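Asks: Fold the following.
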Amino acid sequence: MILEIVSPEAKLFSGEVTSVTLPGVDGSFQILNHHAPIVSILEKGTIKIAAPSFNFTKEAADKFKKVNDQTYTLEIKSGTIEMKDNKIIVLVD
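Replies: The predicted model follows:
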């Protein structure tokens, strides 16, 4: 599935991922391939991204923390997420 993470300043990430864990207002939740369509509000917390490979822009690379070769995390203050047609768009602050 495709994940795009966008902040007011720039596109932070765009690429193929295997799973995304997000800090929802009612608790953390994970999205896997072919998840049902969803729209949700995110609260302060950590987005965890699992993917076979990562390519970050120079501006965005310092915002992500490496867990291992296939997992990175991103701290956010708030945001929204939409999953539809195997594409996830996350707007973060």
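
Asks: Strands along this protein, start to end?
Replies: 2-6, 11-16, 19-24, 27-32, 38-42, 45-50, 64-68, 71-76, 79-84, 87-92 (DSSP state E).

Asks: Could you tell me the angle between the fifth one and strand 19-24?
Replies: In this case it means strand 38-42. 50 degrees (axes from the mean of the first three to the mean of the last three CA atoms, to 10 degrees).

Asks: circling back to that earlier point, got CSV for the strands of the chain, with mean pLDDT, mean neighbour count and distance to residue 56 too?
Replies: All C-beta spots, glycine's among them, are computed from the backbone N, C-alpha and C. Output for the strands of the chain, formatted as CSV (pLDDT from 0 to 100; neighbours: other CB atoms under 10 Å; distance: least, CB to CB, whole Å):
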stretch, mean pLDDT, mean neighbour count, distance to residue 56
strand 2-6, 96, 18, 10
strand 11-16, 94, 16, 7
strand 19-24, 98, 19, 16
strand 27-32, 97, 13, 20
strand 38-42, 97, 15, 20
strand 45-50, 98, 19, 11
strand 64-68, 96, 12, 6
strand 71-76, 97, 18, 8
strand 79-84, 98, 17, 18
strand 87-92, 98, 18, 14
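
Asks: who wins for proximity to residue 57 among those?
Replies: strand 11-16 (7.4 Å; CB to CB).

Asks: Paired strands for the closest one, with orientation please.
Replies: strand 2-6 (antiparallel) (DSSP bridges).

Asks: Off-centre distance for the strand it pairs with?
Replies: With CA atoms, centre = their mean, to the nearest Å as the basis, strand 2-6 stands 6 Å off its chain's centre.

Asks: Contacts for that strand, please.
Replies: With contacts defined as CB atoms under 8 Å, 6 or more residues apart in numbering, strand 2-6 is touched by 11-17, 20, 47, 49, 51, 74, 86-92.

Asks: That strand to strand 71-76, inter-axis angle?
Replies: Using the same axes, to 10 degrees: strand 2-6 against strand 71-76 is 30 degrees.

Asks: measure stretch 74-87 end to end?
Replies: 19 Å (CA to CA, to the nearest Å).

Asks: Kindly report the same for stretch 52-60.
Replies: OK, stretch 52-60 end separation, CA to CA: 18 Å.
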